[in-house]
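**Student:** sequence? don't have it. structure:
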């Protein structure tokens with residue numbers, strides 16, 4: 001249950017970052033800021049999809065597929081790897097959440113830059 005709350009909190013944080021970035025780009029940004037938003041979003045989408053299917057071994061007997069939220073786990077039992085994979089609909093949802101999380105957090109530098117810049121000068125409108 002606590003894991004679901006953490007996932008929900010991260011998803012809300014990522015959505016807030018993306019919404020804030022988009023709002024500041026629309027309000028204060030020019031062409032360069034809009035281009036930066038699209039580029040960072042594209043990088044985040046690509047990295048999020050790749051990270052969802054990346055497999056890494058964090059102990060000699062455990063491997064995990066997916067980051068930041070694991071989609072599958074593999075455990076070495078004797079001389080064979082046993083897999084613990086979530087059902088397909090949940091797995092697709094986790095891939096979508098991983099992609100959204102990474103995409104949202106790639107917007108953080110743009111959000112910080114635009115927010116600092118908007119605090120220095122008065123906004124029109």
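**Tutor:** Happy to help now that I have it. The shown structure was predicted, so the numbers you read here are calculated from the model rather than taken from an experiment.
**Student:** quick one: low-confidence ranges for this structure?
**Tutor:** When residues are selected by pLDDT under 70, those of the chain lie in 1, 121-125.
**Student:** show me where it has its helices.
**Tutor:** Ranges of helices in the chain, per DSSP state H, are 2-28, 31-52, 88-106, 108-120.
**Student:** so what's the nearest residue to residue 95 once chain neighbours are set aside up against?
**Tutor:** In space, and not counting its chain neighbours, residue 95 is closest to residue 52: 4.3 Å by CB to CB, 6 or more residues apart in numbering. Using the backbone N, CA and C atoms, a C-beta is placed for each residue, glycine as well. When contacts are counted by CB atoms under 8 Å, 6 or more residues apart in numbering, residue 52 is found next to 66-67, 71, 94-95, 98-99.
**Student:** same check on residue 67?
**Tutor:** 51-52, 54, 56, 98.
**Student:** isn't residue 98 right next to residue 54, touching?
**Tutor:** No - assessed by CB atoms under 8 Å, residue 98 is found out of contact with residue 54, at 9.9 Å.
**Student:** neighbour-wise, which of those two wins?
**Tutor:** residue 98 (26 against 14; other CB atoms under 10 Å).
**Student:** ok, now how distant is the more buried one from residue 109?
**Tutor:** 20 Å (CB to CB, to the nearest Å).
**Student:** circling back to that earlier point, need the residues touching each of residue 98 and residue 54.
**Tutor:** 66-67.
**Student:** how many residues are close by the residue lying closest to residue 83 once chain neighbours are set aside?
**Tutor:** If the residues on either side of it in the chain are set aside, residue 83 comes closest to residue 74, at 5.2 Å by CB to CB, 6+ apart. When neighbours are counted by other CB under 10 Å, residue 74 registers 18.
**Student:** ok, residue 72 next?
**Tutor:** Quick note: residue 72 (other CB under 10 Å) scores 16 neighbours.
**Student:** got it, and residue 115?
**Tutor:** By other CB under 10 Å, 13 other residues sit near residue 115.
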